[in-house]
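[1] I would like to see how this sequence folds:
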Amino acid sequence: MKAAYVKVPFQADVREVPAPVAGPDEVLVRVKACGIDFGNPSISFDANEFHFKRLQLKATYSIPNLRFPIAIDLLKRKAVDPDLFITHRFGFGELSRALETAERDKEGAVKVMVTMEG
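    Modelled structure (predicted):
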């Protein structure tokens, strides 16, 4: 599977890695919802380290969930053309460039889309 390694904000390397498998002292976390299209929405981490370092895992989102069904309905009815909002398209291999574009092109980047291809 492909994975993005983010070293600093808006810079990522894309690497081919084996699918994660939880070990005896680990848990596998499945991502239920995300704004990024992951081929395999799972991550793994050392549960003991997570516990003993008193780490926290918090979900965030940028829009209230109550508006999401409205947006989906508008798209289904073709009341809104999403292509009007997507100003940039990148393959997964160009993730760093996509992040940089989203961060730096404040005038031209409305919606930067990253697909799993490429």
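
[2] tell me what the helix or strand harbouring residue 113 is packed against?
    Assessed by DSSP states H and E, residue 113 sits inside strand 111-115. Strand 111-115 is packed against strand 86-91, helix 95-104, with contacts defined by 3 or more C-beta pairs under 8 Å, 6 or more residues apart in numbering; DSSP states H and E. Any C-beta I mention is one placed from the backbone N, CA and C, and that applies to glycine too.

[3] and the residue nearest to residue 49 when sequence neighbours are not counted, how far from residue 112?
    Once flanking residues are discounted, residue 49 sits nearest to residue 55: 7.8 Å by C-beta to C-beta, 6 or more residues apart in numbering. Distance of residue 55 to residue 112, given as C-beta to C-beta, to the nearest Å: 30 Å.

[4] so between those two, which is more surrounded?
    With neighbours defined as other C-beta atoms under 10 Å, residue 55 and residue 112 compare such that residue 112 has more, 19 against 9.

[5] what's opposite that one in the beta bridge?
    Judged by DSSP bridges, the bridge partners of residue 112 are residue 88.

[6] residue 55 in helix, strand or coil?
    Following DSSP: H, G, I helix; E, B strand; the rest coil, residue 55 is assigned to coil.
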